[in-house]
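K.L.:
Need a 3D model of the following:
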Amino acid sequence: MRDQIRRVVTGHNEHGDAVLLSDDMFALVPVFGDDMAGAVLWTTGQVPADNAGDTLGDRRDPGASLKGGSVMRVTEFAPGFATPMHRTLSIDYAMVLSGELELVLDSGAVARLGAGEVVVQRGGAHLWRNPSADRPCRIVICMIEAQPVTASGRTLRPTPTWRMLAALVAGKLRRSNRVGIESEVSP
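P.N.:
A predicted model of the protein is given here:
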């Protein structure tokens, strides 16, 4: 499930010619146990990005979505895994690389995507779910900071990181309790 991702980064030499700055391999690192793994591939500290001088793209901590900039990451979801419902102040360009992915919105709308298909997620409350019982789902996602959405005079705020982590822990505990109960009942 967790092979490596190659990342090639370009830049410019003193004459303005495009050059290769780096060519590296990255392992997908477990994010939350065995349910999810990922790697941050690149970040920018601002939008529009500084392609002349900013070479710190592989050294910033992006958090959920980098404030004032952008982040590109690869994420892999284990079979049956779903993220908590959440909202980020970003526009997200997500492409399914392998497996299947469901985008579930707070309105109840669901879009199911396969390899090569794309979601443009524009600041809505959503969750990502791998509907497969036996295949991981890998996506690449680029998140760029966006203005908050205002609807019916109410500004829609991002989900706090602590709330997402608490929901992930609660889900993990529910799954492990279910497995424990099922193994006690099994002969």
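
K.L.:
where in the protein is pLDDT low?
P.N.:
Residue ranges of the chain with pLDDT under 70: 1-2, 171-187.

K.L.:
Helices along that one, start to end?
P.N.:
161-185 (DSSP state H).

K.L.:
Can you show me the strands along it?
P.N.:
4-12, 18-27, 29-30, 36-44, 70-77, 90-98, 101-105, 110-113, 118-122, 126-129, 137-145, 150-151, 154-155 (DSSP state E).

K.L.:
Pipe those into a markdown table and attach distance to residue 63 and mean neighbour count per row.
P.N.:
In this view, the C-beta of every residue, glycine as well, is placed from N, C-alpha and C. Formatted as a markdown table, the strands of the chain follow (distance: least, CB to CB, whole Å; neighbours: other CB atoms under 10 Å):
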| stretch | distance to residue 63 | mean neighbour count |
| --- | --- | --- |
| strand 4-12 | 20 | 13 |
| strand 18-27 | 18 | 11 |
| strand 29-30 | 16 | 12 |
| strand 36-44 | 10 | 20 |
| strand 70-77 | 8 | 22 |
| strand 90-98 | 11 | 18 |
| strand 101-105 | 21 | 18 |
| strand 110-113 | 25 | 14 |
| strand 118-122 | 17 | 13 |
| strand 126-129 | 17 | 20 |
| strand 137-145 | 10 | 20 |
| strand 150-151 | 23 | 8 |
| strand 154-155 | 20 | 8 |
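
K.L.:
Relative to residue 170, which of those is closest?
P.N.:
Residue 170 sits nearest to strand 126-129 of all the strands of the chain, at 13.9 Å, using CB to CB.

K.L.:
hmm, back to that, out of the strands of the chain, nearest to residue 163?
P.N.:
Of all the strands of the chain, strand 126-129 comes closest under CB to CB, at 12.9 Å.

K.L.:
circling back to that earlier point, can you put the strands of the chain in JSON lines and add distance to residue 161?
P.N.:
Formatted as JSON lines, the strands of the chain follow (distance: least, CB to CB, whole Å):
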{"stretch": "strand 4-12", "distance to residue 161": "24"}
{"stretch": "strand 18-27", "distance to residue 161": "23"}
{"stretch": "strand 29-30", "distance to residue 161": "18"}
{"stretch": "strand 36-44", "distance to residue 161": "15"}
{"stretch": "strand 70-77", "distance to residue 161": "14"}
{"stretch": "strand 90-98", "distance to residue 161": "14"}
{"stretch": "strand 101-105", "distance to residue 161": "20"}
{"stretch": "strand 110-113", "distance to residue 161": "25"}
{"stretch": "strand 118-122", "distance to residue 161": "18"}
{"stretch": "strand 126-129", "distance to residue 161": "15"}
{"stretch": "strand 137-145", "distance to residue 161": "14"}
{"stretch": "strand 150-151", "distance to residue 161": "23"}
{"stretch": "strand 154-155", "distance to residue 161": "19"}
